[in-house]
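Peer 1: sequence first, predicted model second:
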Amino acid sequence: MAKAKHQKTSRDLEASLAADRTKVIESLNDSREIAPRLDRYVAALLQWQATTNLIAPSTIPELWSRHIADSLQLLRLAPDATRWVDLGSGGGFPGLVIACALADKPRAVVHLVESNLKKAAFLREAVRLTGASARVHAVRIEDFVDGFNEPVEIVTARALASLDNLLDKAYPLLKRGAQALFLKGQDVEGELTAASKYWTMDTELIPSITDAGGRIVRVVSAQRLVPPPSDG
């Protein structure tokens, strides 16, 4: 009986994933090119999820809308950008999804920065399987941005840290002219208020098309008002 229940649960999950995939793929303009890459990515993610916590298990039935579509919406905000840096890439959202979409774009590259070695190993395997335009950097964000000298247009992060913390991490890239697109939840107004104590910012709040309470914070420029606390 337990085996039958497990089989039913597995079938229900497969049906939910298939329906969610159809909804997302049908919304894409270039689905013929990107869909096979995303399918390989999702298959790898689900395989690795059994041993490495890449996403919250409760979100798996809606993986396509909760994670894939949520990541893809950033492309419409920077349609011409080809040089991206994704901080704290984790399971690949949004960076690897964006890299799948940019795979056929000349000179496009998304730098995936992830210090967790298991997650970085997954990202490398997913890049290999999908042919995504990405490079994986298994280092701390601070170490990466301090030594990164390549061109960058857009910096992204999702479910990583508070806005104040994100600005600290991304600041070396923002100083060079990059803009940031940070995926945030419904508490973003509070984060903006808190960050304004330490930063002067040119920002734009953009409603998420996948989460009614979500917002995307576009940071055009930022300058720290108060020096960060010293380690000593």
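Peer 2: Perfect, thanks for sending it.
Peer 1: wasn't residue 219 part of a strand?
Peer 2: Yes: Residue 219: assigned to a strand according to DSSP: H, G, I helix; E, B strand; the rest coil.
Peer 1: ok, how many other residues are close to the residue lying closest to residue 57 once chain neighbours are set aside?
Peer 2: Closest residue to residue 57 apart from its sequence neighbours, by CB to CB, 6 or more residues apart in numbering: residue 49 at 7.7 Å. (Glycine included, C-beta is placed from N, CA and C.) Neighbours of residue 49 under the rule other CB atoms under 10 Å: 16.
Peer 1: what does residue 197 give?
Peer 2: Count around residue 197 with other CB under 10 Å applied: 9.
Peer 1: which element, helix or strand, includes it?
Peer 2: Following DSSP states H and E, one finds residue 197 outside all helices and strands.
Peer 1: quick one: the strands in the protein, in order.
Peer 2: Here the chain has its strands, by DSSP state E, at 83-87, 109-113, 134-137, 154-158, 179-184, 199-207, 215-224.
Peer 1: would you convert these into TSV that also reports mean pLDDT, distance to residue 67 and mean neighbour count?
Peer 2: Listed next are the strands of the chain as TSV, based on pLDDT from 0 to 100; distance: least, CB to CB, whole Å; neighbours: other CB atoms under 10 Å:
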stretch	mean pLDDT	distance to residue 67	mean neighbour count
strand 83-87	99	14	25
strand 109-113	99	15	25
strand 134-137	98	16	21
strand 154-158	98	9	25
strand 179-184	98	11	24
strand 199-207	96	18	15
strand 215-224	96	15	18
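Peer 1: could I get the ones you listed as TSV with distance to residue 31?
Peer 2: Shown next, in TSV, are the strands of the chain (distance: least, CB to CB, whole Å):
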stretch	distance to residue 31
strand 83-87	21
strand 109-113	20
strand 134-137	20
strand 154-158	22
strand 179-184	22
strand 199-207	23
strand 215-224	22
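Peer 1: residue 74: which of those is closest?
Peer 2: strand 179-184 (5.1 Å; CB to CB).
Peer 1: got a pLDDT number for residue 95?
Peer 2: Per-residue confidence at residue 95 stands at 99 (pLDDT).
Peer 1: that one: neighbouring residues, count only.
Peer 2: By other CB under 10 Å, neighbour count at residue 95 equals 30.
Peer 1: disregarding residues adjacent in the polypeptide, which is nearest to it?
Peer 2: Residue 95 sits nearest to residue 86 (CB to CB, 6+ apart), 2.7 Å away.
Peer 1: thinking again about what came up before, you'd agree the residue nearest to residue 57 is up against residue 56?
Peer 2: No: counting by CB atoms under 8 Å, residue 49 does not reach residue 56; the two are 10.1 Å apart.
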